[in-house]
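Peer 1: show me how the following folds:
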Amino acid sequence: MRYVSLSIFLGGSCNLNCSYCFIDKKNLKKISPDVIKLKKGIDLFLRCSTKDPTINFTGGEPLLYWEILRELIEYIREKKRRIFMVVSTNGTLLDKEMFKFLKKYNVALSVSLDGKKEVNDIYRGSFETVWGNIKDLDRERIKISSVFTPKTINYLVENIKFFVKHGFRQFDFYPEVYGLWSKDQLRNLERVFSQLKLSFNGNSQETKFQFIDRILHKNTENFCCQKLNLASDGNFYLCDKVFSFFDERRKKYMVGDTQKGINEDKREKLLKEAKKEILKETQNKCLKCSWQNYCFCPIGLYLWAKENKKDFEKHFKTFCGISKIYISAFLKICQNQRKKYY
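Peer 2: Residues are numbered from 1 along each chain as shown. Predicted coordinates for the structure are as follows:
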């Protein structure tokens, strides 16, 4: 296996408490980042990564671990390899000195903002602080990352236009996929995405949606995950969704550490078992679906539902419905704008 990306969870500590966040911050914040183990984990990843890998720093809130983050970024840049780095942050702690350092080391920023103040503050309550921190920075280096829910979906196009008006050009937005969306809410989502196609189909040079990157670079073998997740204690895990639970349940999905390396056999076994159960639960519908090579990965949803004793079938209906709406809209944009993106 050659891995395309590594997510490093620096810790569970966070200064916000967003209601839709799946991370078990209460337990994860008890683990202090081990810099030596994290460096070894990075080295291990790079030995089995693709040519131009991505390393994403996340948490919790990664800027709470600023000195450790600085040291790891400097360590990675010493490798003299082409490595894309990104820090996923809520933006509340970001200052000009931090941004200057990140720009110097060519690190991108993914800043969480759900939209204009009245929309963002429904769930996050941090708009004024974040906007004050980013409004004077180099917008070319900042991606806006948003979460939308049935309550806020109607503002999606309006919110994107707001950010574009203020000079931001890169976007990624995610549904509250672990909630349950009704049929009417999914129909409304489809309507909003139709507006999205009409509004931005001809503006790809100005507006870049990250989901199109994922469509164009999708692995053609579904369920073939090429991502690794490294915890602050130096252990590798199957999926980022395991950070929604902490105790013995989480240990079941540990697929290596910085001492012994990655246990590829265990990792493959866990993926195959999850795939088998998903196909069983969905009566093999995924294998017959024409969108299967583009959809969101269902394994994280399955693990989350299984370990938290949720009804996977109900949640999968929401998951599947949202995936199809996404893919249909973005494939259409992609079909018309492929040459402009690449």
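Peer 1: need phi/psi at residue 71.
Peer 2: In terms of degrees, to the nearest 10, the main-chain angles of residue 71 are phi -60, psi -40.
Peer 1: which element, helix or strand, includes residue 196?
Peer 2: Element membership of residue 196, judged by DSSP states H and E, is helix 183-200.
Peer 1: which of the three states applies to the residue nearest to residue 196 when sequence neighbours are not counted?
Peer 2: Take residue 196 and drop its neighbours on the chain: the residue closest to it by CB to CB, 6 or more residues apart in numbering is residue 157, 5.6 Å away. Every C-beta, even on glycine, is put in place using the N, C-alpha and C of the backbone. For residue 157, the secondary structure call by DSSP: H, G, I helix; E, B strand; the rest coil comes out as helix.
Peer 1: distance check, residue 157 against residue 181.
Peer 2: Per CB to CB, to the nearest Å, residue 157 is found 18 Å from residue 181.
Peer 1: export stretch 88-95 to CSV, keeping only CA atoms.
Peer 2: Provided in CSV are the C-alpha atoms of stretch 88-95 (Å, rounded to 0.1, in the frame of the first residue of the first chain):
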residue,chain,number,x,y,z
SER,A,88,-7.1,22.5,10.0
THR,A,89,-8.1,25.1,12.5
ASN,A,90,-11.1,26.9,13.9
GLY,A,91,-9.1,30.1,13.4
THR,A,92,-9.8,31.6,16.9
LEU,A,93,-6.1,31.5,17.9
LEU,A,94,-4.6,32.4,14.6
ASP,A,95,-2.4,35.5,14.5
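Peer 1: buried sites along it?
Peer 2: For stretch 88-95, the neighbour count (16 or more other CB atoms under 10 Å) marks 88, 89, 90, 91, 92, 93, 94 as buried.
Peer 1: for residue 168, state which of these is nearest.
Peer 2: Distances from residue 168 to the buried residues of stretch 88-95, taken as CB to CB, are shortest for residue 91 (12.3 Å).
Peer 1: quick check on that closest one: phi, psi?
Peer 2: phi 80, psi -10.
Peer 1: give me the below-cutoff pLDDT ranges for this structure.
Peer 2: Low-confidence segments of the chain, defined by pLDDT under 70, span residues 24-30, 201-206, 211-224, 335-342.
Peer 1: tell me the buried residues in the lengthiest helix in it?
Peer 2: Taking DSSP state H as the criterion, the chain has its longest helix at helix 312-341. Buried residues in helix 312-341, counting neighbours by 16+ other CB under 10 Å, are found at 312, 315-327, 329-330, 333-334, 337.
Peer 1: give me the angle between that helix and helix 183-200.
Peer 2: Helix 312-341 and helix 183-200 meet at an angle of 10 degrees, taking axes from the mean of the first three to the mean of the last three CA atoms, to 10 degrees as the criterion.
Peer 1: I'd like to know which elements helix 312-341 is packed against.
Peer 2: helix 183-200, strand 208-209, helix 210-216, helix 264-281, helix 299-307 (3 or more CB pairs under 8 Å, 6 or more residues apart in numbering; DSSP states H and E).
Peer 1: for residue 82, find the nearest of these.
Peer 2: Of all the helices and strands packed on helix 312-341, helix 210-216 sits nearest to residue 82, with 16.7 Å by CB to CB.
Peer 1: relative orientation of the next helix or strand after the closest one and helix 264-281 in degrees?
Peer 2: As assigned by DSSP H and E, the chain's next helix or strand after helix 210-216 is strand 227-231. Here the directions of strand 227-231 and helix 264-281 differ by 110 degrees (the same axes, to 10 degrees).
Peer 1: quick one: contacts of strand 227-231?
Peer 2: 3-9, 28, 31, 38, 41-42, 45, 236-240, 242-243, 262 (CB atoms under 8 Å, 6 or more residues apart in numbering).
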